[in-house]
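In: My questions are about this predicted structure, shown below with the sequence.
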Amino acid sequence: MEENKNIREIVAKNLAELRKNKKITQIELAQIMGYSDKAVSKRENADTLPDIDTLYKLATFYNVSLDFLVSDDSFENKFKYVKNMNKAIIINNACIELLYCSFVWILAAIIYTYLLFISEFNFWQIFLWGLPACSAVCLIFTKIWKNKIYTLVTRSAFFWTLVVACYVQFIEYNIWPLFILMIPIQIALILSIAIKDKLKTIK
């Protein structure tokens, strides 16, 4: 029983510190997570120990691991560790993203070289098509980064570079109305991010 009490106290202390660090009240946390403010208070006062599903949801909300919630180490040391881990993850994901983008340009260079030396066809436009291809790769990583600015920029880059590539590829047809079409598309992209962000706030 004493061990369970210690765990409850450790978890309660960590939950209270995380909430205060995020600068939200118990009532605000209850509204965000869909709990009653009494339930939040009981957890932070070590009256009850949250079940594993609740702990996972709280850890996700605070962007920490489950180990963070049950660790009795100092709050500063734990946050320093989490910060270093997040930094390492960001660097790793960025390197993977750049690696995939480099594959796009390698493939473009191979196709360009093959057509130039085998068919004597100077298809330099392939490098323009590489731009929307790279943007498409970056779109995959929006699910990893989960950053609304990055998502908006990546989606916008994909459509704009696609339009530019199409226009240059078929320049003899002078399909400049594509750029006008991009105006409502760009507005829609901005609104979709704004609405999604608003829905998250409501939830």
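Out: Happy to help now that I have it.

In: measure Cys134 to Ile183 for me?
Out: According to Cβ to Cβ, to the nearest Å, Cys134 stands 23 Å off from Ile183. Yep, even glycine has a C-beta here, placed from its N, CA and C like the rest.

In: what does the domain assignment say about the protein?
Out: The chain breaks down by automatic domain parsing into domains covering 2-72, 94-202.

In: how far out from the middle of the chain is the shortest one?
Out: The gap between the average C-alpha position of domain 2-72 and the chain average comes to 24 Å, counting by Cα atoms, centre = their mean, to the nearest Å.

In: Please renumber the chain so that the first residue is 304 from this point on.
Out: I'll keep to 304 as the first residue from here, and by that count the last item is domain 305-375.

In: can you map out the helices along this protein?
Out: In the chain, the segments counted as helices under DSSP state H are 305-324, 329-336, 340-347, 355-365, 369-373, 378-421, 429-448, 451-472, 480-505.

In: sorry, back to before: show me which of Cys437 and Ile486 is the more surrounded one.
Out: Taking other Cβ atoms under 10 Å, Cys437 and Ile486 do not tie; Cys437 has more neighbours (23 against 9).

In: so what pLDDT did Ala315 get?
Out: In the predicted model, Ala315 carries a pLDDT score of 89.

In: Which residue is the nearest non-sequential neighbour of it?
Out: Of all residues not flanking Ala315 in the chain, Ala349 sits nearest, at 3.8 Å (Cβ to Cβ, 6 or more residues apart in numbering).
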